[in-house]
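Asks: I'll drop the sequence and a predicted model, then ask my questions.
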Amino acid sequence: MNGIKRVGATPIHRRQCAARRFVELDANHDGFVDQSEFVANGDSGQRFPGCDVDGDGKLTLHEFLACAQRPATIGQ
């Protein structure tokens, strides 16, 4: 299963699914998803640097949701 899951027909549904996924991935419940949490469920981690907009090594919910809305590129 990928770190970011794209399911559902509507943008609202996809956003809700991504928000639930963020909570699932945040294993230590600190309100962020770091790269180890991101890849723990089988994601390659290639998308992580592009999702981490501020480059702090962790994703906020806002960064995660924005990334979930973007289509994956080849190799991600």
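Replies: Yep, it's here.
Asks: quick one: list the elements packing against the longest helix seen in the chain.
Replies: Longest helix of the chain, by residue count under DSSP state H: helix 11-25. Applying 3 or more CB pairs under 8 Å, 6 or more residues apart in numbering; DSSP states H and E, one finds that helix 11-25 contacts helix 61-69. Just so you know, the C-beta spots here come from the backbone N, C-alpha and C atoms, and that holds for glycine as well.
Asks: what angle separates the helix it packs on from helix 11-25?
Replies: Counting by axes from the mean of the first three to the mean of the last three CA atoms, to 10 degrees, helix 61-69 lies at 120 degrees to helix 11-25.
Asks: what residues does helix 61-69 touch?
Replies: For helix 61-69, the external contacting residues (CB atoms under 8 Å, 6 or more residues apart in numbering) are 4-6, 11, 14-15, 18-19, 21-22, 31, 33, 47, 50-54, 59.
Asks: give me the buried subset of those.
Replies: 4-5, 14, 18, 21-22, 33, 47, 51-52, 59 (16 or more other CB atoms under 10 Å).
Asks: next one: the residue nearest to D54 when sequence neighbours are not counted from Q16, what distance?
Replies: Of all residues not flanking D54 in the chain, E63 sits nearest, at 7.6 Å (CB to CB, 6 or more residues apart in numbering). Per CB to CB, to the nearest Å, E63 is found 17 Å from Q16.
Asks: max pairwise distance over the buried ones among the contacts of helix 61-69: which two?
Replies: Maximum pairwise distance among the buried ones among the contacts of helix 61-69 (CB to CB): 20.3 Å, between R14 and D52.
Asks: so who does G50 touch?
Replies: Applying CB under 8 Å, 6+ apart, the residues near G50 are C67.
Asks: what sits closest to A18 if chain neighbours are left out?
Replies: What sits nearest to A18 in space, not counting adjacent residues and going by CB to CB, 6+ apart, is A68, at 3.7 Å.
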